[in-house]
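K.L.:
what follows is a predicted structure for the sequence shown.
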Amino acid sequence: MPSRSQADAGVAIVLALVLIAIISAVMLIPTLLAGFQSERGASQVAAVVTPTASAALERARAVLARARADVIPREGLGTDYGVTFSEAGYRTLIQWNAEWQVEARTANAFESLNLMLPCCDWSKPSRDEKTNCACGHHQALEGLSKKLLSEDRSAGAVQREVTRWSRYLYPKEALSAEMVKRAQLDPETKAALAELQARGEC
């Protein structure tokens, strides 16, 4: 059985070890705080330098948005021939192609139209419809053309509607072509196009 002095010595050793542990922990606090503040500061700096769109890019996007509003029919826009620029309207045009034939009195006007689309190199419709392109987009344009010509609309008026639907069906290609055309005459559009192309946005 240990003596009283030995027991006291053991208690003293334990207390000393506890005291050392407390002192060590206290001494580590400034280091831990410094590390936390450093990380917090770094994250704040990172947040500050997060890349944002430049003023030039914002102006370019605004120019692009104006061109889009000018040339691309918006989704759901109505027409004076009873369909909207929509998936349902597109399906209606295809149905018209099945329902209407090229009339003898409108055949020349029909064959004068330009139905060019980015999807293929076919563009000139024929009164011999078996030779016409059978893709869905061209069927829609053919149906539109036959229906509007049957209403005694001029070839020019029909061509304008064909162009609108072409742009609706292929907005990216239509917008790119429009920006290139405008850039030849307008310095602001030219600068916007260069900025957008440099950013891979047009």
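P.N.:
All right, it came through fine.
K.L.:
contacts, neighbours, all on C-alpha from now
P.N.:
OK.
K.L.:
which non-adjacent residue is nearest Ala56?
P.N.:
Excluding the flanking residues, the one nearest Ala56 by CA to CA, 6 or more residues apart in numbering is Glu195, at 7.3 Å.
K.L.:
could you pull up the residues touching Cys202?
P.N.:
Applying CA atoms under 8 Å, 6 or more residues apart in numbering, we find Cys202 in contact with Ser176, Leu193, Leu196.
K.L.:
relative to Glu103, how far out is the first one?
P.N.:
From Ser176 over to Glu103 the distance is 36 Å, taken as CA to CA, to the nearest Å.
K.L.:
who touches the residue nearest to Ala56 in this structure?
P.N.:
Ala56, Leu57, Ala60.
K.L.:
narrow the residues you listed to those that are buried.
P.N.:
Burial by neighbour count, judged by 16 or more other CA atoms under 10 Å, picks out Leu57, Ala60 from the contacts of Glu195.
K.L.:
between the contacts of Glu195, which sits nearest Lys147?
P.N.:
Distance to Lys147, by CA to CA, is smallest for Ala60 among the contacts of Glu195, at 39.5 Å.
K.L.:
so which of the contacts of Cys202 sit within helices?
P.N.:
Counted as lying in helices by DSSP state H, out of the contacts of Cys202, are Ser176, Leu193, Leu196.
K.L.:
ok, the second one - contacts?
P.N.:
By CA under 8 Å, 6+ apart, Leu193 lies in contact with Ala60, Met179, Val180, Ala183, Cys202.
K.L.:
can you do 10 Å?
P.N.:
Shown in contact with Leu193 (CA atoms under 10 Å, 6 or more residues apart in numbering): 57, 60-61, 63-64, 176, 179-180, 182-183, 187, 199, 201-202.
K.L.:
where do the strands of this protein begin and end?
P.N.:
With DSSP state E as the definition, the chain shows no strands.
K.L.:
would CSV of the contacts of Glu195 with pLDDT and distance to Ala134 be doable?
P.N.:
Shown next, in CSV, are the contacts of Glu195 (pLDDT from 0 to 100; distance: CA to CA, whole Å):
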residue, pLDDT, distance to Ala134
Ala56, 93, 44
Leu57, 95, 41
Ala60, 96, 38
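K.L.:
mind putting the contacts of Glu195 into CSV with distance to Asn114?
P.N.:
Output for the contacts of Glu195, formatted as CSV (distance: CA to CA, whole Å):
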residue, distance to Asn114
Ala56, 37
Leu57, 35
Ala60, 31
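K.L.:
in helices, which of the contacts of Glu195 fall?
P.N.:
Under the assignment DSSP H, those contribute Ala56, Leu57, Ala60 to helices.
K.L.:
please parse this structure into its domains.
P.N.:
Per automatic domain parsing, the structural domains of the chain span 1-50, 55-198.
K.L.:
so what touches stretch 163-173?
P.N.:
Outside stretch 163-173, the residues that touch it by CA under 10 Å, 6+ apart are 68, 71-75, 85-87, 90, 114-119, 137-138, 140-141, 144, 158-162, 174-175, 177-178, 202.
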